[in-house]
Every structure is written in structure tokens, then in C-alpha cells.
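Undergrad: how would this look folded up:
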Amino acid sequence: MLFNSFEFAVFFPLVAAAYFLLPYRWRWLLLLVASYYFYMAWKAQYAILLVISTVIDFVASNAMAKASDQATKKRWLLLSIFTNLGILVGFKYFNFLNASVRAVFPAWPVEDLDVLLPMGISFYTFQTMSYTIDVYRGLLPPTRHFGRFALYVTFFPQLVAGPIERAPNLLPQFFKDIPFDADRVIRGLKQMLWGFFKKLVIADRVGLIVDQVYNAPAQQDGLTVVLASVLFALQIYCDFSGYSDIAIGAARVLGYDLMENFRTPYGAASIREFWSRWHISLSTWFRDYVYIPLGGNRVVRWRWYYNLFVVFAVSGLWHGANWTFIVWGALHGAYLVLALVFAPFWERVEAGLGVARIPVLWRALNRSVTLLLVLVAWVLFRANDLGDVAILFGKVGEGVVSTSALEVIFRDMGAGIVSVSLLLAALFVLIDPWADDVAKGRRQMNGAASYAYHGLLLAACLLFGHFGSTAFIYFQF
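TA: Numbers count the residues shown, from 1 in each chain. Here you go, the predicted model:
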């Protein structure tokens, strides 16, 4: 079930109303049934994977608590990790790995699997693995309530595209009797509205232009590729952060707090800062469960660089079974390593230029450079394959030799549609930092102004929204 579908528009109000009408002791059961229904509306048979992960991790976590020695605890942890990663690799990466081997050894006899990628598999496997790892580390006791643990694994607002929650934050909330709070419900609905605006009015509209360019890169010119790449940066931010806003807002309506996943990432002044603002739940997951166990920065310098590079390459693979994602992640890892290598030199440059006297201008310059680096990397993320990447960068290298490709887009899609899409995108860029603060409650508006502003958002969704039930980009991960 998609958030931007008629089914969800009926499903969510019914679940929310029933939730607050039911006695506390039955609410977890309602949410569990609703979560499985939400997932099974896509492919019912793949719900068995949720059941397997839930049962294995519940049993393993409780067995670890009863284990009398560390070796036994580790065996139960490995059972959990290998089960979850086995499911993930089998459904998401087997065909990619198989094709990669076949490319090197053409006589490779193993056939690809005829399977569909289960929706949200990368998200819920990471969420449930973090639980068993935390139990193993002694950071939290295992829950004895199977039903509420199953709800932690499947909670529908964040089941298929995050935020990737941690048990210490989310699981205890399912044991609380949460009274109806009208103010909280309104704040949740406002954040959902902002998410729908980003998805329907911005992401899906500019996505039409992006798709036309990236699906036929050889037919484009340099200017069109640059425009489409900038628009894709906007599309993926609005699409994914829009989903997060809807998820967080929906959970808030029901009385639950999910972690923040985005903090205006394109305002970052360094790649490191970008990753502290972009997909926060994933970047902190890799920090806590991969980077730090590898040694983090508490090792010799070359190993520190190696750890960073490996973590980002693996995070690229997490996003998709394609070499474009791996190279995208590796490129971000290279950005971070190079920033560390040249940090002493850069500090001397800053001292020599006296940038302390012009902090605003210097930060603006750093933001511009960071954004440019992120935009270059997004080309890898969006391209269909590495061959298309070469074509796209080649088109940019040719410069603006003509505008014929852009003219084709205006003709095929309609000049009015394209112009409105570009104007809405430009308006969004201007208001996003302020509107993001409003949606997340960091900035308050008085009653009349709030009603007017949110009324405009709703009107924009109804008038300019692209209602095609387009799936969220991160659903494929």
C-alpha cells in the first residue's frame, strides 16, 4: 500500500479512529493486524519473510539473555544475523552477484532466481538486526512480549522505507497507554501534509522531466543533463524526506515518536555534515553497527581511511544491487577520505585567507562546493548503469552546444506543465528550510497564519499534485 494512494486515504483514518476507541490492552493488536494488512496489500506471500525475521530474532534475543556463556550468546546472535542477511542477499543481491560472476566467467551455469524484491526488505532487516545486536551488547533487555516485538518489526508507518528505528526508542512506546491528544494529532497531520506536498507537488512533477532525460541519455545535450541532474537532487530529497515526514506524522497522530531522518541536507557545508543531515537513521546505523566495530577512527590513519571507504561502499550496495550504487557510495567515501587527507592543507589556506573575518561568505562557498560534489554523485545514483553514467558526463563535457533536447521536453510534456514544475521547484527551494522547521514544530505560527499556510499546502496538493500513485523511490531498496 502506498501513502499516496486512495487505499491509504481510507485505511489510515479508520485505523487511527479505531486505535483511540479501543482499550489500551488491545491497541497493539490492532496496529499489528493493520501493519500486516498494510504490507500484504502489496504481496501477501512475502509477509512470511516478516514472520521469519520476527520469530528468529525474538527467540534469539531471549536465548541470549538466558545463555550462561559468551560463546552461546554469540551463536544465537550469528543465527539472527545470518538469517536476516541470508534473506536479504537471497532476494536482493543473488541475481546481481550471479550476473557479476557470469560477466567474468561466461560459462557460469547458475541461473538467476525469478523473484520479486520484497518491499522494504533492506529497512526491516536492518531494524530487527539492530535489536538482536543491542541485546547481545547488553544495551537493552529482550522483550518477553512477542506481539509487541512483532509490532516493532512491522509498524506500518515506517515499515517499508524507514526511518530505521532502534528498539530502545520505539519498543518501549508500545507498552505505554497513550491518551488522545488533539494538539499532537494536529501536529502529526501538518507534518504529513508537508510530506504529501513534497511528494505529490515537487518530487513526482520534476520526476517526469528527470525520467525523460535519464532514460534516453544519448539523446540529450549538456544543458538538459545538468538541469535534470539538479532536478533529480530535488526529486530524491522531496520523495524520501516526504515519505519520512508522512511516516513520522502518521506515527505522531497515533501517539508515537519516530526519529528525525532529514535536516535540510543541502545546506551542509561539508560532505561529513551532509551525512549528518541525510538519511540519518541509516548513517547512524552504519556508524554504530559497522564503522565502530571496524575500529572507527581509533586505529592507525590508513585503517581509518579504509574503514570510512568500506562503510560508504557497503552503504551504496545497501541502496541497490547495481554497480552504480556501489560506485556512488564509494565516491562519497572517497570525498570523506580526501577531506581528511587535505584537512591540514585546507586549514593553512583558511588561515592565510583570513576566512574568520568573512564566515558567512566562506560557509556559503563551502556549501556550494559540497552541493556540487553531491550533485555529481547523484548522477551515478540515478543512472541506469555505468554505461549511461559515461554518456551523461560526456554530454556535460561537450558543453551547451544546443538546446534541442530541452526543446523536445517542453514540446512533448507541454510548455505549461514544464514551466509550472520548474516554478514550483524553485519556490520549494526558497521555502524549504523555513517550512521544514514549521512541519517539525521548531518554528511556531499563530492560528490564522497556520490555517492559511496549511490551507495553501492542501490547495497546492489538490491543484498541482501528480496523482499517479507513483511509488516512493526508496521503496525499491
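
Undergrad: any idea how far the lengthiest helix in the chain is from the chain center?
TA: Identified as the longest helix of the chain according to DSSP state H is helix 222-253. Computed by CA atoms, centre = their mean, to the nearest Å, the chain-centroid distance of helix 222-253 equals 10 Å.

Undergrad: Could you list the domains of the chain?
TA: 6-179, 184-476 (automatic domain parsing).

Undergrad: Turn those into JSON lines, columns for mean pLDDT.
TA: As requested, those are exported to JSON lines (pLDDT from 0 to 100):
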{"stretch": "domain 6-179", "mean pLDDT": "93"}
{"stretch": "domain 184-476", "mean pLDDT": "87"}
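
Undergrad: Using a markdown table, lay out those domains together with mean neighbour count.
TA: Bear in mind the C-beta positions are built from the backbone N, C-alpha and C, glycine included. Shown next, in a markdown table, are the domains of the chain (neighbours: other CB atoms under 10 Å):
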| stretch | mean neighbour count |
| --- | --- |
| domain 6-179 | 17 |
| domain 184-476 | 17 |
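
Undergrad: Tell me the first helix or strand C-terminal of the longest helix of the chain.
TA: The element immediately downstream of helix 222-253 (helix or strand, assigned by DSSP states H and E) is helix 271-275.

Undergrad: Only C-alpha atoms, please: export the following helix or strand past that following helix in PDB.
TA: For helix 271-275, the succeeding helix or strand toward the C-terminus, using DSSP H and E, is helix 280-286. Provided in PDB are the C-alpha atoms of helix 280-286 (Å, rounded to 0.1, in the frame of the first residue of the first chain):
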ATOM      1  CA  ILE A 280      20.100  10.000   9.500                       C
ATOM      2  CA  SER A 281      18.700   6.600  10.600                       C
ATOM      3  CA  LEU A 282      20.800   4.800   8.000                       C
ATOM      4  CA  SER A 283      24.000   6.700   8.500                       C
ATOM      5  CA  THR A 284      23.900   6.300  12.300                       C
ATOM      6  CA  TRP A 285      23.100   2.600  11.800                       C
ATOM      7  CA  PHE A 286      26.200   2.100   9.700                       C
END
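
Undergrad: Looking at the protein, which residue reaches furthest from the middle?
TA: Gly352 (39.7 Å; CA atoms, centre = their mean).

Undergrad: What helix or strand is that residue located in?
TA: Using DSSP H and E, Gly352 falls in helix 343-353.

Undergrad: what does the helix or strand following that helix contact?
TA: Later in the chain than helix 343-353, the nearest helix or strand by DSSP H and E is helix 359-382. Contact partners of helix 359-382, identified using CB atoms under 8 Å, 6 or more residues apart in numbering, comprise 210, 214, 229-230, 232-233, 236, 266-271, 273-274, 319, 324-325, 327-328, 331-332, 335, 350, 355, 389, 392-393.

Undergrad: if I pick the nearest residue to Glu260 once chain neighbours are set aside, what's in contact with it?
TA: In space, and not counting its chain neighbours, Glu260 is closest to Ile280: 6.3 Å by CB to CB, 6 or more residues apart in numbering. Counting by CB under 8 Å, 6+ apart, Ile280 touches 163, 259-263.
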